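J.: I'd like to go over a predicted model; first the sequence, then the structure.
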Amino acid sequence: MKLKVLTYNVDCLPKIIDLNDLPWILKPIAWIYKLIKKTTIVRINDNINSSEKNKQIGKCLLESDADIIGVQEDFNYHNELISDFCDKYICGTYAGGFDISKIFSSIKWFPLPHFKADGINLFVKKERFNFIEEKIVKWNKSHGYIGHANDKLTTKGYRYYQLKTDDKYILNVYVLHMDADFYHPENCPDVSKDLEARKSQFNQLVNDILEYYKYSLVHYPTLIIGDTNSYQKYEWDEKNIKDNLIEPIYKSDILTIDEAIADNYKDCDRIFYINSNKAQYSLEASKCYFDLTFDKVMGSLSDHKPLVAEFKLLGK
């Protein structure tokens, strides 16, 4: 059996939110922010985005004909994103976007108010898959509420899906979005706390995966896809992945983990796959590439490129 897997940060963030639009009882947040930043505008997205661009992304996703599509930053333009391909794909739970006018229904009050939206979703072909399980998990540790990519404004984390194919294969899929911000001397010279957050997040993810394999009577292959915010050009990011994802998986003795890599180049968007020697079948990557056709019609649709991996499911 062949599978085509795609991960894409679809950049469905609003450009800005204005804290002046907060309800009166929360106005002190705007005042404090203005004292610190000299403005009430929180810049969320520096890239040009619109409902039309996200509708175009949806068309490109449909044309990609991928069997499994994991997305990140599926926030404010969800309806536009899915409008052209929702008839062909099953959609996971939409968690919402950034809407200051509805903040009373979308925030958690302590320790800091934030939007109850992880931006993560999974789409799978209706004729090939059924969802067995969906689990939405928030990271235990994040960094940056005002600054450092404002990660604490949302409930970023990962989602776990168990899928059953039309051929009766079962797969585990983790879709994730890790803490952002990376080293750039002018604006972010110190990324130590961001790196610590990502380290904690890898540990949390691995613990969940190892718990699954420890207590499951039947083992299935696992995909890990998404935006790791970890870059090949930074030694500390690659060390983080090696020390806190790769090695703990291998130490289990029954598991192997590999990465599908496009032309020896690793961006922050990654696809890993895990096999167990107790499973009846395994995943084998046959091809991996960045799908650059997405940008041919309307220029850059996102600040990311869709990463695609093609797999074979092999029986033992």
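T.: Alright, I've got the coordinates. Just so we're clear, the structure is a prediction, and the values are computed from it rather than from any experiment.

J.: switch to C-alpha atoms for all contacts and neighbour counts from now on
T.: Fine.

J.: which residues in the stretch 1-150 of the chain form strands?
T.: Taking DSSP state E, counting those that start in this stretch, the strands of the stretch 1-150 of the chain run over residues 2-9, 16-18, 41-43, 68-72, 89-91, 121-125, 129-138.

J.: can you pull out the helices in the protein?
T.: With DSSP state H, the ranges of helices along the chain come out as 27-37, 51-64, 78-82, 103-106, 192-215, 235-241, 247-250.

J.: which one of the ones you listed lies nearest to Ala180?
T.: Nearest to Ala180 among the helices of the chain is helix 192-215; the distance by Cα to Cα comes to 7.0 Å.

J.: the residue lying closest to Lys2 once chain neighbours are set aside: how many residues sit nearby?
T.: In this structure, Lys2 finds its nearest non-sequential neighbour in Lys312, 4.6 Å apart by Cα to Cα, 6 or more residues apart in numbering. Neighbourhood size, Lys312 [other Cα atoms under 10 Å]: 16.

J.: what pLDDT is listed against Lys312?
T.: Looking at Lys312, its pLDDT reads 96.

J.: thought it was touching Met1?
T.: Yes. When contacts are counted by Cα atoms under 8 Å, Lys312 is listed as touching Met1 (5.7 Å).

J.: if we can go back for a sec, out of the strands of the stretch 1-150 of the chain, nearest to Lys34?
T.: Closest to Lys34 of the strands of the stretch 1-150 of the chain is strand 41-43 (Cα to Cα; 8.4 Å).

J.: just to revisit the earlier point, measure the residue nearest to Lys2 to Asp263 for me?
T.: With the distance defined as Cα to Cα, to the nearest Å, Lys312 ends up 19 Å from Asp263.

J.: for stretch 121-130, what is the average pLDDT?
T.: Across stretch 121-130, the average pLDDT comes to 96.

J.: which other residues reach that stretch?
T.: Contact with stretch 121-130 is made by 66-72, 74, 88-94, 159, 163-166, 175, as judged by Cα atoms under 8 Å, 6 or more residues apart in numbering.

J.: what ranges in the protein fall below the confidence cut-off?
T.: Applying pLDDT under 70 to the chain flags residues 44-49, 101-113, 143-152, 181-191, 297-299, 316.

J.: again, 80 this time
T.: Residue ranges of the chain with pLDDT under 80: 13-27, 29, 41-51, 98-115, 142-154, 180-192, 295-299, 316.

J.: redo the strands of the stretch 1-150 of the chain as a markdown table? Include distance to Cys268 and mean neighbour count.
T.: Shown next, in a markdown table, are the strands of the stretch 1-150 of the chain (distance: least, Cα to Cα, whole Å; neighbours: other Cα atoms under 10 Å):
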| stretch | distance to Cys268 | mean neighbour count |
| --- | --- | --- |
| strand 2-9 | 10 | 22 |
| strand 16-18 | 24 | 14 |
| strand 41-43 | 22 | 16 |
| strand 68-72 | 12 | 24 |
| strand 89-91 | 24 | 19 |
| strand 121-125 | 18 | 22 |
| strand 129-138 | 20 | 16 |
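
J.: His78: which of those strands is closest?
T.: When the strands of the stretch 1-150 of the chain are compared by Cα to Cα, strand 121-125 sits nearest His78, at 10.0 Å.

J.: next, the angle from the closest one to helix 51-64.
T.: Interaxial angle of strand 121-125 relative to helix 51-64 (axes from the mean of the first three to the mean of the last three Cα atoms, to 10 degrees): 40 degrees.

J.: make sure Phe311 is actually in contact with Leu3.
T.: Yes. Using Cα under 8 Å, Phe311 is in contact with Leu3, at 5.0 Å.

J.: number of residues surrounding Lys296?
T.: 9.

J.: ah, wrong one, I meant Ile249
T.: Neighbour count for Ile249, taken as other Cα under 10 Å: 19.

J.: going forward, count from 24.
T.: Fine by me, first position is 24 from now on; the one you just mentioned is Ile272.
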